[in-house]
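> using only what follows, build the 3D model:
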Amino acid sequence: MKDEVWKRSLEDDLRSMGLSPLWKKRFIATNRIAWFVRTLRITEHKRKQPGKFAKLSYLATRLYYDRLSERLGFDIPLDVFGPGLSIAHRGTIVVNGQARVGRNCRIHPGVTIGASNGQAPVIGNDVFIGPGAGIFGGVTIGDGAIIGPHSLINMDVPANTTTVSARAGVRSNGSQAWSHADSNLGPVVDKTAKLTTR
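Okay, here's the model as predicted:
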């Protein structure tokens with residue numbers, strides 16, 4: 001990644017967060033998420049630079065990036081998200097390093113993007129991932145999809161569709177314990193998400 005490329009990626013990230021595309025030093029104190037995304041882009045850039053000095057610089061930057069990630073609750077590996085990454089709030093976000101996410105992704109706290117059977121999700125451009133969503137396995141999420149809050153996705157989601165979580169139901173009234181064997185939940189793929197076309 002040349003200097004211009006990571007800077008353009010950062011500009012896209014800042015725009016998608018509703019901020020000025022020009023980096024402001026005040027973001028260090030006033031917007032920790034913007035500071036995190038800037039550190040992510042710098043670390044991605046430095047990792048690809050040749051030479052001994054560059055490797056030392058990368059290691060120092062990576063150490064800082066890892067500590068900042070822990071402070072904010074983010075576990076986001078390098079080179080997973082395309083330009084235009086927008087993180088809504090601080091809070092736990094866990095992403096598998098094999099996942100690939102396109103441009104202009106809006107992601108909320110409580111999201112897990114994980115691998116299953118050695119396969120990780122591929123997420124298209126302009127995708128919104130709501131709070132608490134889980135996306136697992138070798139699934140493909142199409143461009144412009146909206147993953148609703150608390151949706152569990154283990155199947156492909158076509159472009160320009162919206163997923164919603166299964167409706168909650170009462171499983172115990174306090175006098176009788178509920179057991180999973182008593183439920184009629186059926187296969188996970190049928191009950192966890194419903195697709196609607198926008």
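> where does this protein dip in pLDDT?
1-3, 166-198 (pLDDT under 70).
> just the helices in it please.
Remark: helices assigned in the chain by DSSP state H are 3-16, 27-30, 32-47, 52-72, 188-191.
> number of nearby residues for A88?
For A88, the count of nearby residues is 17 (other C-beta atoms under 10 Å). C-beta coordinates here come from the backbone N, C-alpha and C atoms, glycine included.
> need phi/psi at it.
Main-chain dihedrals, A88, degrees, to the nearest 10: phi -70, psi -50.
> could you find the closest non-adjacent residue to it?
Closest residue to A88 apart from its sequence neighbours, by C-beta to C-beta, 6 or more residues apart in numbering: H108 at 4.5 Å.
> verify the contact between the one you found and I129 for me.
Yes: applying C-beta atoms under 8 Å as the test, H108 and I129 come out as touching, 6.4 Å apart.
> if you count surrounding residues, which of the two has more?
Shown here are H108 and I129; by other C-beta under 10 Å, I129 has more neighbours (28 against 19).
> quick one: closest of the helices of the chain to R100.
Smallest distance to R100 across the helices of the chain (C-beta to C-beta): 13.8 Å, for helix 32-47.
> give me the contacts around the closest one.
With C-beta atoms under 8 Å, 6 or more residues apart in numbering as the test, helix 32-47 has contacts from 1, 3, 5-6, 9-10, 13-14, 17, 19, 23, 27-28, 54, 57-58, 61-62, 64-65, 68-69, 72, 74, 76, 78-79, 81, 85, 87, 89-90.
> so it versus helix 3-16, what angle?
160 degrees (axes from the mean of the first three to the mean of the last three C-alpha atoms, to 10 degrees).
> grab the CA positions of helix 32-47 and hand them over as PDB.
Taking C-alpha atoms only, helix 32-47 is exported to PDB below (Å, rounded to 0.1, in the frame of the first residue of the first chain):
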ATOM      1  CA  ARG A  32     -11.300   7.400  19.800                       C
ATOM      2  CA  ILE A  33     -12.900   5.300  17.100                       C
ATOM      3  CA  ALA A  34     -11.500   7.600  14.400                       C
ATOM      4  CA  TRP A  35      -8.100   7.400  16.100                       C
ATOM      5  CA  PHE A  36      -8.500   3.600  16.100                       C
ATOM      6  CA  VAL A  37      -9.300   3.400  12.400                       C
ATOM      7  CA  ARG A  38      -6.400   5.700  11.600                       C
ATOM      8  CA  THR A  39      -4.100   3.400  13.600                       C
ATOM      9  CA  LEU A  40      -5.500   0.400  11.800                       C
ATOM     10  CA  ARG A  41      -4.800   1.900   8.400                       C
ATOM     11  CA  ILE A  42      -1.200   3.000   9.400                       C
ATOM     12  CA  THR A  43      -0.500  -0.500  10.800                       C
ATOM     13  CA  GLU A  44      -1.800  -2.100   7.500                       C
ATOM     14  CA  HIS A  45       0.500   0.200   5.500                       C
ATOM     15  CA  LYS A  46       3.600  -0.300   7.600                       C
ATOM     16  CA  ARG A  47       3.200  -4.100   7.600                       C
END
